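Q: what follows is a predicted structure for the sequence shown.
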Amino acid sequence: MEKCAVSQFDGSWDKLYLAARTVQYERKISSLIEAGAVSAALLTAKGNIYVGVCIDTACSLGMCAERNAIANMITNGEWQISKIVAVMPDGNAGMPCGACREFMMQLDHAATEIEILCDYETKKAVKLKELLPDWWA
């Protein structure tokens, strides 16, 4: 039974959560910009992990952690996400904002299958298609 359990264990959520927590710390960039309260990590179809943190600004376009991680992935030549987790300031997993959901849907024809971690302790996840069932495109 133990062999069966070990063979089915998928530690990818743990790796993603820990990668996100590694970069998550609040920092003041200037009197108008703060960053790092929320972090995110994603796993690509090629098996690479990319991270990002939120960048909160006053009266300019900041960036949420998920979009930052996605931008990092694109900068490095990838565009297919398998899994993504956003970590809120309290350490709990959180859902991506509507802008990020839309951004992910536009990345790839298989984006509907992206898994999003809802609860780290139980490893409950949903697929992007569940969050955008009647997507416009």
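A: Arrived safely, thanks for sending. What you see is a predicted model; the values in this text were computed from it and never measured. Numbering: from 1, shown residues only.
Q: pull up the pairing partners for the longest strand seen in the chain, direction included.
A: Counting residues, the longest strand in the chain under DSSP state E turns out to be strand 33-44. With DSSP bridges as the test, strand 33-44 is paired with strand 27-28 (antiparallel), strand 49-57 (antiparallel), strand 81-87 (antiparallel).
Q: from the chain's centroid, how far away is the last one?
A: On the basis of CA atoms, centre = their mean, to the nearest Å, strand 81-87 is displaced by 3 Å from the centre of the chain it belongs to.
Q: ok, which stretches of the chain are helices?
A: Taking DSSP state H, the helices of the chain run over residues 2-8, 12-23, 65-75, 98-107, 128-131.
Q: as a whole number, average confidence for the first one?
A: Mean pLDDT, computed over helix 2-8, is 57.
Q: how about T57, what does it touch?
A: Contacts for T57 (CB atoms under 8 Å, 6 or more residues apart in numbering) come out as 32-33. Quick note: C-beta positions are derived from backbone N, CA and C, even for glycine.
Q: sorry, back to before: please work out which of the strands paired with strand 33-44 is packed deepest.
A: Compared across those, strand 81-87 shows the largest average neighbour count, a mean of 24 (mean count of other CB atoms under 10 Å).
Q: that older thread, okay if I get the helices of the chain as CSV plus mean neighbour count?
A: As requested, the helices of the chain are exported to CSV (neighbours: other CB atoms under 10 Å):
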stretch, mean neighbour count
helix 2-8, 7
helix 12-23, 18
helix 65-75, 21
helix 98-107, 16
helix 128-131, 16
